[in-house]
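>>> sequence first, predicted model second:
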Amino acid sequence: PTLASMRSRAVALAQGHIPLTSTPLGDRGRGVNGRKGKSPQKTPAQLTQLTLASRRLDVGYNGLRAEHARAITEALAMPESKLAWLELSYNAIGAEGAAHLAEAVALPNCPLATLCLSCNGLGDEGIDLLTAALVKTQDREKGLAAIELGFNRIYSSGVRAFSKCLADGCTLRSVNLSDNGLGNAGCELIAAAVRSPRCRLTTLRLGCNGIGDKGATALAESLKLGASLEVLDLEGNFIEASRGTELHEAELHADAQAQAAANANANNADDSDTDDDDGGAGNAGPLVPRVPKETNFALAKALESPNCRLTALNLSDNCILDGTAAALATAMSTDGCRLMSLDLSSNCIAVRGAERLTAALSLPHCRITHLDLHGNGVKGALDAEIINSVEKTCAVKATSRLMAAHHRMLLAVFLRCNVGANLLQSDGLGEVLASTIREDSLWLDIAACLPPGTPEIGERFVAQGWAWRESQPDEDDWAEGFGATDLQSA
């Protein structure tokens, strides 16, 4: 595995996007020509050969059409085919090509587990054809597990049959329908589907679909009733838009009234203590920032439910204000909340809401290891100190998670690639690493993974590591450990 694939898995583990298992590391396909971007178009015969010879095939950005999809389908029908991951995004296979691929999906022994069809002009007709094939997989243990259908002009009418298929227990566990036109109606259909006890879906991406509060509330109700979802992406929608405008105007009005009252009190005090010509009437009195009032945010209430299984929630680029941020802060600090990753970037959260979120991170029941607040505040310029504080706290908690699971190599890569020198100088992170090495007798070659500029911290951990190594009775224990040479070769 490459360093890039190890880095992405380390981050995913630390942020809770995937469970702590020993599944092998792997790198995404880089295209048939070994690089991302547009590659020379392949003939149907060449695609047949590539399909038979590959386990992972990336032919995105190739200008492929329906006849190419038919060639891939014919190869998938052959018993020697082992293709499990197929990237066909940004082509032009259309509904006709989707019909060919549907034939392969319906095959009882089809090896395909992941199918990426974003931006192919499928439309409602194309997803209906794929749904008809997925219906045939409802009683199977194995089959197509992940499908990407973004940028395909799919609307609420197109997901009606698809939602029923999900509810009836097809093999899909991950669905990406971002950048379509589902709206609240389509979101409600999918929310009803994931509420079914037979639904196997754990990852749902519905970014940029024109979803408002009505659709988000439907999803929240499903989460409270024990939906199987663990990862939910609602980026770039209109959640809290109507209420957000009203709350924002109310907050501005309240701030203006409070400021006027403070000015009046200051003026009265000046009039009583000074002469009329002292000029004190124009002084403004101090105004203490108000604590944001929590809103009745449906998704926040769902996170507090013990039935909610969500570990990652993306609400970036919506209309989240301080009151909603406060509600989320309360939710993620409750004992039953399982959330580990929360993306609130590019919203309208000001300092008061950010402080509530930051304070919640330090509470004992909070499991958050990734909180993104970039792009908030006035004109997207939230206080840098708040963001740095959040990043440091999350780095400490992510490191604790990896060390508790003894993922030594992944922890080394996580520290090397994702935690800057300024974060490693955090006292909290040093305490976590030192206590784990001392209590669990876990030797980490920390010097190999520290970024440049942290010699003092490196020397401290190296000394602790050598002290543990010298205390071991058998040299075989050290041989089984993880050394610098192994990390460099990886």
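Right, received. Where do you want to start? Numbers count the residues shown, from 1 in each chain.
>>> strands of the chain, start to end?
For the chain, the strands defined by DSSP state E cover 56-58, 85-87, 114-116, 146-148, 174-176, 203-205, 231-233, 312-314, 341-343, 370-372.
>>> which residues are contacting the fifth one?
Contacts of strand 174-176 with the rest of the structure, by CB atoms under 8 Å, 6 or more residues apart in numbering, involve 118, 145-150, 166, 201-205. C-beta: built from backbone N, CA, C; applies to glycine.
>>> go again using 7 Å as the cut-off
145-150, 201-205 (CB atoms under 7 Å, 6 or more residues apart in numbering).
>>> ok, now the third one?
Counting by CB under 7 Å, 6+ apart, strand 114-116 makes contact with 84-89, 101, 144-148, all of which sit outside it.
>>> how close does Glu235 sit to Gly150?
Applying CB to CB, to the nearest Å, the value for Glu235 to Gly150 is 12 Å.
>>> quick one on the thing from earlier: mind putting the contacts of strand 174-176 into a markdown table with neighbour count?
Shown next, in a markdown table, are these (neighbours: other CB atoms under 10 Å):
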| residue | neighbour count |
| --- | --- |
| Ala145 | 19 |
| Ala146 | 17 |
| Ile147 | 22 |
| Glu148 | 21 |
| Leu149 | 28 |
| Gly150 | 21 |
| Leu201 | 22 |
| Thr202 | 20 |
| Thr203 | 20 |
| Leu204 | 24 |
| Arg205 | 21 |
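>>> next, give me the two most distant ones among the residues you listed.
Gly150 and Thr202 (18.2 Å; CB to CB).
>>> quick check: Asp179 touching Glu148?
No. Counting by CB atoms under 7 Å, Asp179 does not reach Glu148; the two are 10.7 Å apart.
>>> where does the stretch 201-350 of the chain have low pLDDT?
242-263, 265-293 (pLDDT under 70).
>>> for it, just list every one of the helices.
Using DSSP state H, counting those that start in this stretch, the helices of the stretch 201-350 of the chain run over residues 213-224, 241-273, 298-304, 322-332.
>>> now for the third one, which elements pack on it?
This points to helix 298-304. Contact partners of helix 298-304 among helices and strands, from 3 or more CB pairs under 7 Å, 6 or more residues apart in numbering; DSSP states H and E: helix 213-224, helix 322-332.
>>> which of those is buried the deepest?
Among those, judged by mean count of other CB atoms under 10 Å, the one packed with the most neighbours on average is helix 322-332 (a mean of 26).
>>> send over it as CSV, restricted to the C-alpha atoms.
Taking C-alpha atoms only, helix 322-332 is exported to CSV below (Å, rounded to 0.1, in the frame of the first residue of the first chain):
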residue,chain,number,x,y,z
ASP,A,322,-25.4,29.8,16.7
GLY,A,323,-28.6,28.4,18.1
THR,A,324,-28.4,25.3,16.0
ALA,A,325,-24.7,24.9,16.8
ALA,A,326,-25.6,25.1,20.5
ALA,A,327,-28.2,22.3,20.0
LEU,A,328,-25.6,20.2,18.3
ALA,A,329,-23.1,20.9,21.1
THR,A,330,-25.6,19.6,23.6
ALA,A,331,-26.3,16.5,21.5
MET,A,332,-22.7,15.5,20.9
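>>> tell me what it is packed against?
Where contact means 3+ CB pairs under 7 Å, 6+ apart, helix 322-332 is packed against helix 298-304, helix 351-361.
>>> any idea how far the nearest residue to Gly94 once chain neighbours are set aside is from Arg367?
Sequence neighbours aside, Gly121 is the residue nearest to Gly94 in space, at 4.9 Å (criterion: CB to CB, 6 or more residues apart in numbering). Taking CB to CB as the measure, Gly121 falls 41 Å from Arg367.
>>> got a pLDDT number for Lys142?
pLDDT for Lys142: 88.
>>> same question but for Lys392, I mixed them up
pLDDT, Lys392: 75.
>>> just checking, Tyr155 touches Leu177?
No. The pair Tyr155 / Leu177 is not scored as a contact, 10.7 Å apart, by CB under 7 Å.
>>> more neighbours, the two?
Leu177 (28 against 17; other CB atoms under 10 Å).
>>> ok, that one touching Leu149?
Yes. Shown here, Leu177 and Leu149 form a contact pair, counting by CB under 7 Å, at 5.5 Å.
>>> mind listing the shared neighbours of the two?
With CB under 7 Å, 6+ apart, Leu177 and Leu149 have no common neighbours.
>>> show me what counts as buried in stretch 117-131.
117-124, 126-131 (16 or more other CB atoms under 10 Å).
>>> looking at those residues, which are in helices?
123-124, 126-131 (DSSP state H).
>>> model confidence over stretch 58-73, on average?
94.
>>> now do the buried residues in it.
Buried residues in stretch 58-73 (16+ other CB under 10 Å): 58-62, 64-66, 68-73.
>>> save the residues you listed as CSV, and put in distance to Lys136 too.
As requested, those are exported to CSV (distance: CB to CB, whole Å):
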residue, distance to Lys136
Asp58, 27
Val59, 26
Gly60, 27
Tyr61, 31
Asn62, 29
Leu64, 25
Arg65, 26
Ala66, 22
His68, 24
Ala69, 19
Arg70, 19
Ala71, 22
Ile72, 19
Thr73, 15
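>>> please identify which of those is nearest to Ala325.
Nearest member of these to Ala325, counting by CB to CB, is Gly60, at 37.1 Å.
>>> residues in contact with the closest one?
Residues in contact with Gly60 (CB under 7 Å, 6+ apart) are 31, 87-91.
>>> same question, Tyr155
Residues counted as contacts of Tyr155 (CB under 7 Å, 6+ apart) are 124, 181-182, 186.
>>> want to throw those residues into JSON lines with pLDDT?
Below are those laid out as JSON lines (pLDDT from 0 to 100):
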{"residue": "Asp124", "pLDDT": "95"}
{"residue": "Gly181", "pLDDT": "93"}
{"residue": "Leu182", "pLDDT": "95"}
{"residue": "Gly186", "pLDDT": "96"}
